[in-house]
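K.L.:
This is a predicted model, with the sequence first.
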Amino acid sequence: MSHVKRLFIVLVIFLIGSLVGGVVIQQNLLVRLLPEKQVVIDERMAFIDEVYALIKKEHWELLFDEQLAMLFQKAIEKVTNEKIELVTTDLSGVKTALQEVLVKQEDDEGKNKLVADVVNVVLVNLQPFGRSRLLSQSDSQEILDSVTSRNPDANYFETLGLDATASSAVVAQNFKQKQQEVAKSQQTPEEKKHAQQALERAYQALDSDAERSRYAQTGVESSLSSENLTTDIYYLQLNSFAPTTYEDIAFALKAVPPQPKQTSLIIDLRGNPGGYIDGLPNVLGAFYGPGTKAYQMLKQGQKTDLETRTDKLAGLAQFKKVVVLIDQVTGSSAEAMAASLKKYNVGVLVGVPSRGWGTMERLFSVTHQFESGQIFSVLLVQNLTLREDGIPIEGSGITPDVNITEPGWQQELLAYFNSSSLVAAVEKMAKQ
């Protein structure tokens, strides 16, 4: 009897095991046979998720959910021209409100435009006003071309009537010839001015062997120009800041070598709106060498020192009297450079207070795109630059050591260097 009972129990266990095993096998078979469940992503809402998180993490100003959600609320109201309420003052509330207004749009085109407009209004209203914004692909490319000193609409070899194998002597010869042609032309004075500026820009890009070779290969032009101003003064004009500016200074010192008796240097930052600020530690390294705390950035309450990472340029060592010219257009990277040179007593700042554009904007790509044929990027103020005294440059600007609007400024500058020729050269430039 016990033997039969044991046999019965074993049989039951076997059947249960077979049943369970069969179910598992059947489930695995079903998983293989049935199509995978597709997760449908609402790209518009995913875009909002991404931009919202990007602002919170990367914007220079620390924003809490309530503050950012209210910015989105006001943006939705402005774009739709209707009053809305947020269920919660956070990302979830923003998305709920957006979905409610999106369903009122008749087609995808209207929905896409609404989302893009709302995000752009939010970005534009971040502080400082108007610096951050939503960019189209063409907008992004335009900024990249500007920052990297590329002009896709120009061919400087054609401008000067040259080929890429031309020597520096031929470049100079053609430049003068083209200038004469413009001067004798029947163009209006304004047209002649623009034509001469185009010629000067082309000459600046091609006048040295190194710059000409680089331009032929990459389309990158020089961000500066240089000349032996007098027997004792060397002149360096920085028009913008590019990834190649440190290299441009090195090229300039080789193409137009400082003369042995030149102990004075004028660095002209007038009209320089800034540019590629990531390269500023390299540019300042030309004066300080590596490892110097060149300037500071401010982000969400934290200050960060930016250190130089390049070697001093030997060609700059002979200059003991350095004047840095600034004006009301000098901005961004140029202001940070001026403040740094002032901090380390490398140069005396001469001119008028600078622009006060003390922001570092960064271009961020966005993973989730919602409009066919369009790729959006976000231009966002990531840091504020600080003056030599630790105050944000934004809204304050850089104060010159010698203000040329003050009476007797020439005597003040003379007291710094006791060089009448240097004062005379600066005075002449101030009148231009």
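P.N.:
Perfect, I can see it now.
K.L.:
Show me the shaky parts of the stretch 301-432 of the chain.
P.N.:
By pLDDT under 70, the stretch 301-432 of the chain has no low-scoring segment.
K.L.:
Quick one: the helices in it, in order.
P.N.:
333-343, 409-417, 420-430 (DSSP state H, counting those that start in this stretch).
K.L.:
Name the helix or strand for the nearest residue to residue 72 once chain neighbours are set aside, please.
P.N.:
Using CB to CB, 6 or more residues apart in numbering and skipping residues adjacent in sequence, the residue nearest residue 72 is residue 94, 4.4 Å away. C-beta coordinates here come from the backbone N, C-alpha and C atoms, glycine included. Following DSSP states H and E, one finds residue 94 within helix 91-102.
K.L.:
Buried residues of the helix or strand following that helix, list them for me.
P.N.:
Note on helix 91-102: by DSSP H and E, the next helix or strand toward the C-terminus is helix 108-124. Within helix 108-124, the residues scored as buried using 16 or more other CB atoms under 10 Å are 111-112, 114-123.
K.L.:
Format these as JSON lines; extra columns: pLDDT.
P.N.:
Compiled in JSON lines, the buried residues of helix 108-124 are given as follows (pLDDT from 0 to 100):
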{"residue": "111", "pLDDT": "96"}
{"residue": "112", "pLDDT": "97"}
{"residue": "114", "pLDDT": "97"}
{"residue": "115", "pLDDT": "97"}
{"residue": "116", "pLDDT": "97"}
{"residue": "117", "pLDDT": "98"}
{"residue": "118", "pLDDT": "98"}
{"residue": "119", "pLDDT": "98"}
{"residue": "120", "pLDDT": "98"}
{"residue": "121", "pLDDT": "98"}
{"residue": "122", "pLDDT": "98"}
{"residue": "123", "pLDDT": "98"}
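K.L.:
want to throw these into JSON lines with distance to residue 380?
P.N.:
Shown next, in JSON lines, are these (distance: CB to CB, whole Å):
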{"residue": "111", "distance to residue 380": "24"}
{"residue": "112", "distance to residue 380": "21"}
{"residue": "114", "distance to residue 380": "21"}
{"residue": "115", "distance to residue 380": "17"}
{"residue": "116", "distance to residue 380": "16"}
{"residue": "117", "distance to residue 380": "17"}
{"residue": "118", "distance to residue 380": "16"}
{"residue": "119", "distance to residue 380": "11"}
{"residue": "120", "distance to residue 380": "12"}
{"residue": "121", "distance to residue 380": "14"}
{"residue": "122", "distance to residue 380": "11"}
{"residue": "123", "distance to residue 380": "7"}
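K.L.:
just to revisit the earlier point, tilt between the helix holding residue 94 and helix 108-124?
P.N.:
Angle, helix 91-102 to helix 108-124, by axes from the mean of the first three to the mean of the last three CA atoms, to 10 degrees: 140 degrees.
K.L.:
contact partners of helix 91-102?
P.N.:
By CB atoms under 8 Å, 6 or more residues apart in numbering, the residues outside helix 91-102 that reach it are 44-45, 48-49, 52, 65, 69, 72-73, 76, 80, 82, 84-88, 111, 114-115, 118.
K.L.:
and what of stretch 366-380?
P.N.:
So stretch 366-380 is contacted by 41, 43-44, 46-47, 49-51, 54-55, 58-59, 112, 115-116, 123, 126, 131-137, 139-140, 143, 361-365 (CB under 8 Å, 6+ apart).
K.L.:
hang on, the earlier thing: buried subset of the contacts of helix 91-102?
P.N.:
For these, a neighbour count by 16+ other CB under 10 Å gives the buried set as 44-45, 48, 52, 65, 69, 72-73, 76, 80, 86, 111, 114-115, 118.
K.L.:
Need the max-distance pair from those.
P.N.:
65 and 111 (24.7 Å; CB to CB).
K.L.:
Against residue 49, how distant is the residue nearest to residue 63 when sequence neighbours are not counted?
P.N.:
Distances taken as CB to CB, 6+ apart place residue 56 nearest to residue 63, at 6.2 Å, with adjacent residues excluded. From residue 56 across to residue 49, the span is 11 Å (CB to CB, to the nearest Å).
K.L.:
In PyMOL, select just the buried ones from the contacts of stretch 366-380.
P.N.:
Listed next is the PyMOL selection for buried residues among the contacts of stretch 366-380, using 16+ other CB under 10 Å:
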select buried, resi 44+47+50+51+55+58+59+112+115+116+123+126+131+132+133+134+135+140+361+364
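K.L.:
among the contacts of stretch 366-380, which are in helices?
P.N.:
43-44, 46-47, 49-51, 54-55, 58, 112, 115-116, 123, 137, 139-140, 143 (DSSP state H).
K.L.:
where along the chain do the strands fall?
P.N.:
Taking DSSP state E, the strands of the chain run over residues 133-135, 224-228, 233-238, 264-268, 293-299, 302-307, 321-326, 348-351, 359-365, 377-385, 402-403.
K.L.:
Let's have the ones you listed in TSV, adding distance to residue 411.
P.N.:
Output for the strands of the chain, formatted as TSV (distance: least, CB to CB, whole Å):
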stretch	distance to residue 411
strand 133-135	46
strand 224-228	27
strand 233-238	19
strand 264-268	18
strand 293-299	31
strand 302-307	36
strand 321-326	15
strand 348-351	13
strand 359-365	36
strand 377-385	32
strand 402-403	10
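K.L.:
Out of those strands, the one nearest residue 425 is which?
P.N.:
Taking those one by one with CB to CB, strand 233-238 is closest: 5.5 Å.
K.L.:
for that closest one, packing partners?
P.N.:
strand 224-228, helix 245-255, strand 264-268, helix 420-430 (3 or more CB pairs under 8 Å, 6 or more residues apart in numbering; DSSP states H and E).
K.L.:
Nearest to residue 165, out of these?
P.N.:
Set against residue 165 and scored by CB to CB, the helices and strands packed on strand 233-238 come closest in helix 245-255, at 17.8 Å.
K.L.:
how about that closest one as PDB, C-alpha atoms only?
P.N.:
Once non-C-alpha atoms are left out, helix 245-255 reads as follows in PDB (Å, rounded to 0.1, in the frame of the first residue of the first chain):
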ATOM      1  CA  THR A 245      43.800  83.000 -31.700                       C
ATOM      2  CA  TYR A 246      46.900  81.800 -29.700                       C
ATOM      3  CA  GLU A 247      48.200  80.300 -33.000                       C
ATOM      4  CA  ASP A 248      47.400  83.600 -34.800                       C
ATOM      5  CA  ILE A 249      49.500  85.500 -32.300                       C
ATOM      6  CA  ALA A 250      52.400  83.100 -32.900                       C
ATOM      7  CA  PHE A 251      51.900  83.500 -36.700                       C
ATOM      8  CA  ALA A 252      51.800  87.300 -36.400                       C
ATOM      9  CA  LEU A 253      55.000  87.500 -34.400                       C
ATOM     10  CA  LYS A 254      56.800  85.400 -37.100                       C
ATOM     11  CA  ALA A 255      55.200  87.100 -40.100                       C
END
